[in-house]
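Peer 1: Structure, please.
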Amino acid sequence: MEDFRKTYAAWNARHDGGSEVRTDGGIPVKKVYTPLDLIDGGFDYARDLGLPGEWPYTRGIDADGYRKNAWVKFQYAGRASALELNTVMKRQLAEGVTGLDVAVDLPTQIGIDSDHPLAAGEVGKVGVPMCSLRDMERIFDGIDVSSVHVTIQTNSQSFVTLALLIALCEKQGGDPARLSSFFQNDVLKEFIARGTHIFPPEPSMRLTTDVILYCAEHQPHISPQMVCEYHMRDAGSSSVESLAMMFGNAIAYADAIVQRGGKVEKYLKQLYVFITANHRDFFEEVARLRAARRMWAKLWRGRYGVTDADLLKCRMIEFQTGTPLPAQDSENNIIRIALSVMAGAMGGVQVMGPRTYDEALGIPSDQALRLSLRAQQIVAEESGITNVSDPLGGSYYVESLTDEIERRTNAYLAKIEERGGMVHAIETGWIQAEIGRGACEYQREIESGQRVVIGVNRYASGQAPAAKTYRPDPLIAQRQIADLVQLRKERDQAGVAKALDYLEAVARTSENIIPATVAAVKAYATTGEICGRLRRVFGEHADVATAGEQ
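Peer 2: Residues are numbered from 1 along each chain as shown. As a prediction, this is how the structure comes out:
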């Protein structure tokens with residue numbers, strides 16, 4: 001090895017110079033990587049890499065990789081009406097989708113009904129309205145919710161969504177204990193990356209942990225939370241910063257559960273990570289997934305004393321962010337989506353949900369949804385990637401990059417903890433300012449040409465988008481509002497009032513709010529009415545200035 005060290009030094013001397021190259025996340029990249037990069041970095045095979053399915057899970061959480069089962073293939077689907085979405089989901093199931101992922105509209109996400117003045121112009125625009133149990137009955141008409149994975153993308157009002165799913169299952173004659181679902185339910189990222197928050201951070205954390213604690217006791221097959229990295233990355237944070245923020249959020253939730261007498265072990269049993277792998281640096285995206293899995297195991301064993309090997313395994317849902325999929329020359333996004341699917345597969349994720357090539361233009365078209373599903377199926381069944389666990393494991397470059405991402409993520413996480421943890425960093429606006437800074441830098445790099453985006457700032461065709469985008473029927477909002485009016489006429493008003501009074505009373509205690517919410521939705525109380533009662537108790541959140549600390 002000493003002879004090679006000399007040879008390598010001489011090679012570097014001969015080939016010195018040239019422009020500096022960095023990954024998408026700003027990590028310097030050498031011209032070539034050799035065993036010396038691992039040896040000199042203190043790399044230890046057993047400690048840092050190991051074998052698939054074994055500590056520290058860098059190489060994956062399953063020894064067989066995808067040989068027995070490929071990842072769950074989700075497809076995010078939003079339509080403006082329950083009937084239309086129902087048709088789309090039935091077709092997806094027939095085409096081989098193994099999990100349904102429902103997009104809801106913005107009014108639903110922020111806990112207001114379709115007939116609220118603030119909902120005007122937004123009903124059904126980015127997803128389906130989900131105002132009541134009647135909407136759920138229509139969305140899943142002819143679909144047994146207890147026999148298929150169902151994900152409904154809500155956060156601030158996940159407690160309502162969970163109650164609706166339980167009530168629907170019971171009405172279909174199913175056993176709610178059989179429900180299999182993923183809930184985002186990561187409310188902290190709403191304050192820092194999306195803005196669809198309802199209540200202030202403290203009561204929002206209470207509602208989030210109510211969902212987690214209830215599922216731990218009553219819903220063995222529901223993952224009550226996905227700790228999200230995706231949204232911070234899409235909002236503007238770097239590959240390292242977004243990972244650190246995700247870990248900061250996970251720590252905040254775990255601490256909140258412990259404070260309420262819950263067990264971290266029960267939390268981990270059903271927990272998933274919601275992560276992305278579709279930014280432009282393919283190898284960095286693979287390395288991020290591997291580094292995150294290793295850090296996850298170290299966090300729970302080192303900080304919380306978890307010893308059960310199964311609980312230390314990081315289960316990943318990989319969805320693609322929209323930022324790298326521009327509207328210009330949108331057909332190019334088909335290639336980007338395929339690369340992202342490959343990165344997710346090589347990174348060993350458990351669930352995958354690619355975006356569509358036309359998403360920047362509107363709600364995905366049926367053709368675009370089908371192509372994204374086909375990308376997953378082709379990679380899983382034609383590429384050979386699934387034949388071996390961790391196919392890039394042992395690559396000098398990938399292992400060096402994995403180590404460096406872990407080191408930088410830990411350093412940024414330390415900065416968050418120095419500021420009192422994620423909740424305090426959110427309340428002071430520091431995290432929001434960090435993301436805003438990153439988003440500005442990202443856009444400046446595109447506009448200057450420093451960050452190449454094919455079809456945008458290089459090789460642009462200038463042609464109008466060829467994609468036939470989905471456009472919701474403008475009359476759908478009127479029909480949805482009319483349905484709400486009819487619902488309020490037909491339901492038992494006294495029963496609704498009683499259920500809402502009870503819900504409000506429970507909210508003023510430390511009792512878990514889920515049973516009272518289930519009772520309210522069974523009475524056909526609406527999402528807006530339920531959240532409105534809780535606004536009386538908790539108030540509403542007002543965003544802080546995001547200048548942050550200097």
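Peer 1: Okay, now the unreliable bits of the stretch 51-200 of the chain?
Peer 2: By pLDDT under 70, the low-scoring segments of the stretch 51-200 of the chain are 75-79.
Peer 1: Residue 318 in helix, strand or coil?
Peer 2: Going by DSSP: H, G, I helix; E, B strand; the rest coil, the secondary structure assigned to residue 318 is strand.
Peer 1: same question but for residue 406, I mixed them up
Peer 2: Here residue 406 takes the helix state, with states given by three-state DSSP.
Peer 1: roughly how far apart are it and residue 193?
Peer 2: Between residue 406 and residue 193 the distance is 23 Å, computed by CB to CB, to the nearest Å. Heads up, the C-betas are built off the backbone N, CA and C, glycines and all.
Peer 1: Please apply the same query to residue 286.
Peer 2: Counting by CB to CB, the gap from residue 286 to residue 193 is 23 Å.
Peer 1: which one of these two has more residues nearby?
Peer 2: residue 286 (26 against 23; other CB atoms under 10 Å).
Peer 1: buried residues in the helix or strand encompassing the more buried one?
Peer 2: Remark: residue 286 resides in helix 282-304, with elements defined by DSSP states H and E. Using 16 or more other CB atoms under 10 Å as the burial criterion, the residues of helix 282-304 that qualify are 282-297, 299-301, 304.
Peer 1: before we move on, what about stretch 428-440?
Peer 2: 428, 429, 430, 431, 432, 433, 434, 435, 436, 438.
Peer 1: ok, now stretch 63-75?
Peer 2: Buried residues in stretch 63-75, counting neighbours by 16+ other CB under 10 Å, are found at 65, 66, 70, 71, 72, 73, 74, 75.
Peer 1: just stretch 532-543 next, same as before
Peer 2: Neighbour-count burial for stretch 532-543 flags 532, 533, 534, 538, 541 (criterion: 16+ other CB under 10 Å).
Peer 1: helix or strand for the first one, which one?
Peer 2: Using DSSP H and E, residue 532 sits within helix 527-538.
Peer 1: contact partners of that helix?
Peer 2: In this structure, residues lying in contact with helix 527-538 by CB atoms under 8 Å, 6 or more residues apart in numbering are 107-108, 111-113, 116, 130-132, 157, 160, 198-200, 203, 207, 496, 500, 503-504, 507-508, 517, 520-521.
Peer 1: So for it, mean pLDDT?
Peer 2: Mean per-residue pLDDT for helix 527-538: 97.
Peer 1: Centre of the chain to that helix, how far?
Peer 2: 26 Å (CA atoms, centre = their mean, to the nearest Å).
Peer 1: try stretch 434-447
Peer 2: Averaged over its C-alpha atoms, stretch 434-447 has a centre that lies 21 Å from its chain's centre (CA atoms, centre = their mean).
Peer 1: Would you mind giving the buried residues of stretch 63-75 as CSV with distance to residue 52 and secondary structure added?
Peer 2: Listed next are those as CSV, based on distance: CB to CB, whole Å; DSSP: H, G, I helix; E, B strand; the rest coil:
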residue, distance to residue 52, secondary structure
65, 6, coil
66, 11, coil
70, 15, coil
71, 15, coil
72, 19, strand
73, 21, strand
74, 23, strand
75, 27, strand
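Peer 1: can you put the residues you listed in TSV and add distance to residue 449?
Peer 2: As requested, the buried residues of stretch 63-75 are exported to TSV (distance: CB to CB, whole Å):
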residue	distance to residue 449
65	40
66	39
70	39
71	36
72	39
73	36
74	35
75	34
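Peer 1: For the residue nearest the centre of the chain, which residues are in contact?
Peer 2: When the chain is reduced to its mean C-alpha position, the nearest residue by CA atoms, centre = their mean turns out to be residue 274, at 3.5 Å. For residue 274, the contacting residues are 184, 186, 226, 227, 228, 229, 230, 317, 319, by CB under 8 Å, 6+ apart.
Peer 1: would you say it is within a strand?
Peer 2: Yes - residue state for residue 274 (three-state DSSP) corresponds to a strand.
Peer 1: that older thread, which among the contacts of helix 527-538 end up buried?
Peer 2: In these, the ones that pass as buried (16+ other CB under 10 Å) are 107-108, 111-113, 116, 130-132, 157, 160, 198-199, 203, 207, 496, 500, 503-504, 507, 517, 520-521.
Peer 1: Please narrow those to those residing in helices.
Peer 2: Among these, the subset assigned to helices under DSSP state H consists of 107-108, 160, 203, 207, 496, 500, 503-504, 507, 517, 520-521.
Peer 1: Looks like residue 338 contacts residue 379 (just checking).
Peer 2: Yes - counting by CB atoms under 8 Å, residue 379 is a contact partner of residue 338 at 7.2 Å.
Peer 1: Compare those two and say which is more crowded by neighbours.
Peer 2: Using other CB under 10 Å, the more surrounded residue of residue 338 and residue 379 is residue 379, with 25 against 19.
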